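1. missing the sequence, but the structure's below:
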Ligand code: GUN
Ligand code: ZN
């Protein structure tokens, strides 16, 4: 029996159910980070925002005597006064910031078991970006030794459900390897084969703080290649809702947000398109209870400014999670990713990085969903388009064929009818109206979208050298620059004008 069940899929993203000793959590979700020393919002209030699970730091608890004693006697749930699932991080992050901590791997694992955390983390080494390969490799070895040691200490889920083991802690197996793709893949493979339960992708905070979202995409994809498609993946330290859709589309299931509190502390108001310094806000672009009961000015002047901002930040964080889940259910996650990636030039770079990984994503994507809306940059690299290109090999065409963008008066003179629609190109007209050819596409296409459509059409024609093709360049295709027809005209007859009875759906939009 698996602790993680995938219910719905879109792109490499999914809605899943994660089983823990304190209940089932629906993913994707965000765990608000609770600092047991300071909290403006009580853990018990977190459900009000949509939180199902929290994360706190076992090293902070361990290093403060009063917290440690309380956690040992009441458990971490009693300490926080929260009865849902709680994950605890180790002191790794402190280790990466301060260079040294006063606890060993086995001690902190043992402590997390004693305080009955639902998901415990070993003392991995968060190797920063831009270190040498040798350093990354050496630190990964140390990380892996510690995870293996933790795996020997913590009973496996399959064992504790069979026996009456009192410890029911799931073990997180962090993936490290800095920016080296092969190390990330190796690291992912290692923790999966070791039989960890939850899989955080580590050391991405410096990438996010420096807006290196395209590097982040590469790190997630290589880690996922090692982890495989079926395990729950946590993106460590990712709490800004602007990048959730992107990370979910790549197969991340869990996030943790300290951002809601850290941004609030610095007078920053989070939106899904980025963050505003409170000083710059004249209006509040949000309908959460805080924003409906306040103005930008009243928040600025409030004694509880930090708390009000924290609350707003949490509302928008969970609103985005619900929006992402709805998008997955509708098969529209990639449209949301396009939208979010236009929030910041560095996010747009991430979208370009995503293009490289279209073929990888295609392997994960479900074969049928609802209409796809073409929104630009990524469209010719979407799984549907890549899959269509791969399947072109399966068409065997003989006799005469017409390729056109809607029914024409000369259709009856041909043996086969093909419809032309970017970014696909030519496809058999019997499939008109069926997914994915029912795509709603824009009439002003980027060059790479036209190029994909024309190149797929050329591919189809070249696959069937004995068949004869005629392409109708109707006025509806005027958005395609002349030069795109050069190669096509060498292998296929092109006619410029023909009376058109109907136009297909995308031309009807004119
Ligand atoms: N928090 C943010 N990044 C990391 C990481 O790489 N490892 C651990 N344990 N915690 C983190
Ligand atoms: Zn708000």
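-> Perfect, I can see it now. None of these values were measured; they are calculated from a predicted model. Ligands and ions are numbered 1, 2, ... in the order given.

2. Only C-alpha atoms from now on, for both contacts and neighbour counts.
-> Noted.

3. Look up how far residue 398 lies from residue 248.
-> 43 Å (CA to CA, to the nearest Å).

4. In the stretch 401-510 of the chain, what residue comes closest to ligand 1?
-> At 36.7 Å from ligand 1, residue 448 is the closest residue in the stretch 401-510 of the chain, using CA to the nearest ligand atom.

5. What strand or helix carries that residue?
-> helix 447-463 (DSSP states H and E).

6. In the stretch 301-450 of the chain, what residue spans correspond to helices?
-> When assigned using DSSP state H, counting those that start in this stretch, the helices of the stretch 301-450 of the chain occupy the ranges 305-330, 333-341, 345-356, 358-364, 383-391, 447-463.

7. How about the stretch 1-150 of the chain?
-> Ranges of helices in the stretch 1-150 of the chain, per DSSP H, counting those that start in this stretch, are 58-63, 65-80, 92-98, 105-114, 133-153.

8. OK, contacts around residue 295?
-> When contacts are counted by CA atoms under 8 Å, 6 or more residues apart in numbering, residue 295 touches 283-284.

9. Oh, that last question was meant for residue 386, not what I typed.
-> Residue 386 makes contacts with 358-359, 362, 380, as judged by CA under 8 Å, 6+ apart.

10. For it, give its distance to residue 28.
-> Separation of residue 386 from residue 28 (CA to CA): 26 Å.

11. Then residue 341?
-> 19 Å.

12. what does the stretch 201-350 of the chain put close to ligand 2?
-> Residues of the stretch 201-350 of the chain found near ligand 2 (CA under 5 Å from the ion) are 286, 288, 291, 312.

13. doesn't residue 284 make contact with the third one?
-> Yes: contact between residue 291 and residue 284 holds when scored by CA atoms under 8 Å: they sit 6.2 Å apart.

14. When these two are compared, which one has more neighbours?
-> residue 291 (19 against 16; other CA atoms under 10 Å).

15. And the contacts of residue 386, which two are furthest apart?
-> Using CA to CA, these span at most 12.2 Å, a distance reached by 362 and 380.

16. Those two: which has the busier surroundings?
-> Taking other CA under 10 Å, residue 362 and residue 380 do not tie; residue 380 has more neighbours (23 against 19).

17. hang on, the more buried one packs against residue 423?
-> Yes: applying CA under 8 Å, one finds residue 380 in contact with residue 423, separated by 5.5 Å.

18. what touches both of the two?
-> 449, 452.

19. Reformat the helices of the stretch 301-450 of the chain as JSON lines; add distance to residue 66 and mean pLDDT.
-> Below are those laid out as JSON lines (distance: least, CA to CA, whole Å; pLDDT from 0 to 100):
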{"stretch": "helix 305-330", "distance to residue 66": "25", "mean pLDDT": "98"}
{"stretch": "helix 333-341", "distance to residue 66": "44", "mean pLDDT": "95"}
{"stretch": "helix 345-356", "distance to residue 66": "43", "mean pLDDT": "94"}
{"stretch": "helix 358-364", "distance to residue 66": "48", "mean pLDDT": "89"}
{"stretch": "helix 383-391", "distance to residue 66": "53", "mean pLDDT": "89"}
{"stretch": "helix 447-463", "distance to residue 66": "61", "mean pLDDT": "91"}
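
20. Make a markdown table out of these and add distance to residue 32.
-> As requested, these are exported to a markdown table (distance: least, CA to CA, whole Å):
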| stretch | distance to residue 32 |
| --- | --- |
| helix 305-330 | 8 |
| helix 333-341 | 22 |
| helix 345-356 | 23 |
| helix 358-364 | 29 |
| helix 383-391 | 33 |
| helix 447-463 | 40 |
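
21. which residues sit in contact with the residue nearest to residue 329 when sequence neighbours are not counted?
-> Nearest residue to residue 329 in three dimensions, chain neighbours excluded: residue 8, at 6.6 Å (CA to CA, 6 or more residues apart in numbering). By CA under 8 Å, 6+ apart, residue 8 lies in contact with 14-16, 328-329.

22. bridging residues for residue 8?
-> Beta-bridge pairing for residue 8 (DSSP bridges): residue 15.

23. Can you check the pLDDT for it?
-> Among the per-residue scores, residue 8 shows a pLDDT of 95.

24. Likewise for the one 5 residues further on?
-> We have a pLDDT of 97 for residue 13.

25. can you check residue 443 too?
-> pLDDT at residue 443 comes out at 69.

26. go on, residue 370?
-> At residue 370, the model reports a pLDDT of 65.

27. Which parts of the stretch 151-300 of the chain are strands?
-> For the stretch 151-300 of the chain, applying DSSP state E, counting those that start in this stretch gives strands covering 170-171, 199-201, 233-235, 254-257, 268-271, 274-277.

28. Return the residues in contact with residue 362.
-> So residue 362 contacts 11-12, 382-384, 386-387 (CA under 8 Å, 6+ apart).

29. Please report the distance of residue 101 from ligand 2.
-> 38 Å (CA to the ion, to the nearest Å).

30. So what's the residue count around that residue?
-> Per other CA under 10 Å, the neighbour tally for residue 101 reads 14.

31. Against residue 173, how distant is the closest residue to it other than its chain neighbours?
-> Nearest non-adjacent residue to residue 101, counting by CA to CA, 6+ apart: residue 95, 5.8 Å away. Distance, residue 95 to residue 173, by CA to CA: 17 Å.

32. And residue 118, by the same measure?
-> In terms of CA to CA, residue 118 sits 14 Å off from residue 173.

33. same question, residue 247
-> Distance from residue 247 to residue 173, by CA to CA: 19 Å.

34. and the protein, which residues reach ligand 2?
-> Residues of the chain lying near ligand 2 (CA under 5 Å from the ion): 286, 288, 291, 312.

35. okay, now the residue in the stretch 101-250 of the chain that ligand 2 sits nearest to: neighbour count?
-> Ligand 2 sits closest to residue 241 of the stretch 101-250 of the chain, with a gap of 13.3 Å, by CA to the ion. Using other CA under 10 Å, the number of residues around residue 241 comes to 28.
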